[in-house]
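**Student:** sequence and computational prediction follow.
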Amino acid sequence: MRINRTKKAKKVLAVYQSAFGFHEPYQVIVDGTFAQAALRVKVHIAEQLPRYLASTVQLLTTRCLISELDTLAAALKDRDQFLGPKLVLRRFQNRHCGHAKGCSAAACLKDMVGDSNKHRYVIATQDPQVMQQFKHVAGVPIITINGGRLFLMRPSPATQEHLQQKSEEKLGVESHEEKLLRKLNAVLQRQKQASASASALLSNKKKRKKKKKSKKGTGTTQSSSSSSSSSSSSSGGGGDTSAKQKKKNKKKTGK
Ligand SMILES: [Zn+2]
């Protein structure tokens with residue numbers, strides 16, 4: 001089962017690799033909701049995520065993502081519920097997000113990713129708002145926990161649109177290249193044909209010259225030799241055939 005899931009995840013990752021330049025180690029930003037869900041279903045992120053993706057990963061978080069857990073704990077007056085996820089996030093590398101005053105997790109992640117996700121972050125979240133906001137940015141892989149397991153989501157509509165545009169551009173380039181190639185081939189073929197006909201003309205002229213020379217120089221000797229040979233053969237062979245015919249005639253008359 002895991003092999004299948006890993007294969008699927010690898011296929012999705014391959015899309016991000018080829019179209020957006022993602023590479024190992026994948027930089028995964030983990031938020032509080034994901035850490036909380038992972039604890040609930042006993043998924044050890046640092047152990048199981050690299051195995052699921054069959055790749056090396058770098059687990060990251062930000063100060064805003066950690067501090068949001070404090071805010072939630074204070075709001076819900078439930079410190080214990082958010083202590084575990086906070087400890088999980090604290091183990092990950094803290095990536096500088098530039099929010100000195102702090103902001104919500106969704107806003108922080110939005111800024112980290114920006115318009116084009118140029119740092120090629122993978123987002124590990126369980127927050128529907130975060131998932132929704134990245135549907136509109138191409139090239140943002142999202143990992144969630146689904147049915148108690150890690151799950152790399154299919155490329156978003158924005159990502160798919162980007163892929164289609166890219167493939168169309170590629171086709172356009174190919175057709176342009178094809179046109180150029182066709183023109184080049186046509187030119188080359190014309191050159192070949194021209195050179196071939198020129199060489200044919202030259203060789204014909206040479207042949208004619210040779211023929212003329214041979215007729216002038218060796219014409220008499222050739223004709224004499226041929227006539228002598230033919231006469232000799234005709235005399236010998238002819239004699240044979242006439243004798244055979246005579247025999248045949250004799251047989252016919254005898255019967
Ligand atoms: Zn931040």
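**Tutor:** Great, that's in hand.
**Student:** make it CA atoms for all contacts and neighbour counts henceforth
**Tutor:** Noted.
**Student:** which bits of the stretch 101-250 of the chain sit near the ion?
**Tutor:** Within the stretch 101-250 of the chain, the residues that sit near the ion (C-alpha under 5 Å from the ion) are Cys108.
**Student:** which residues of the stretch 101-250 of the chain fall in strands?
**Tutor:** Along the stretch 101-250 of the chain, counting by DSSP state E, counting those that start in this stretch, strands occupy 121-124, 142-146, 149-152.
**Student:** pick the most buried one from those strands.
**Tutor:** Compared across these, strand 121-124 shows the largest average neighbour count, a mean of 24 (mean count of other C-alpha atoms under 10 Å).
**Student:** pLDDT of that strand, averaged?
**Tutor:** For strand 121-124, mean pLDDT rounds to 98.
**Student:** partner strands of that strand and their direction?
**Tutor:** Applying DSSP bridges, strand 121-124 is found paired with strand 26-30 (parallel), strand 142-146 (parallel).
**Student:** can you put those in CSV and add mean pLDDT?
**Tutor:** Below are the strands paired with strand 121-124 laid out as CSV (pLDDT from 0 to 100):
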stretch, mean pLDDT
strand 26-30, 98
strand 142-146, 97
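**Student:** what's the closest of those to Leu109?
**Tutor:** Nearest to Leu109, of all the strands paired with strand 121-124, is strand 26-30, at 8.3 Å by C-alpha to C-alpha.
**Student:** following that closest one, which helix or strand comes up?
**Tutor:** Downstream of strand 26-30, the next assigned helix or strand under DSSP states H and E is helix 32-40.
**Student:** give the rounded mean pLDDT of that next one.
**Tutor:** Across helix 32-40, the average pLDDT comes to 97.
**Student:** now do that helix: everything it contacts.
**Tutor:** 44-45, 65-66, 68-69, 82, 84-86, 88-89, 124-127, 144-145 (C-alpha atoms under 8 Å, 6 or more residues apart in numbering).
**Student:** tell me the buried residues within those.
**Tutor:** Buried by 16 or more other C-alpha atoms under 10 Å: 45, 65-66, 68-69, 82, 84-86, 88-89, 124-126, 144-145, out of these.
**Student:** sounds good, over and out.
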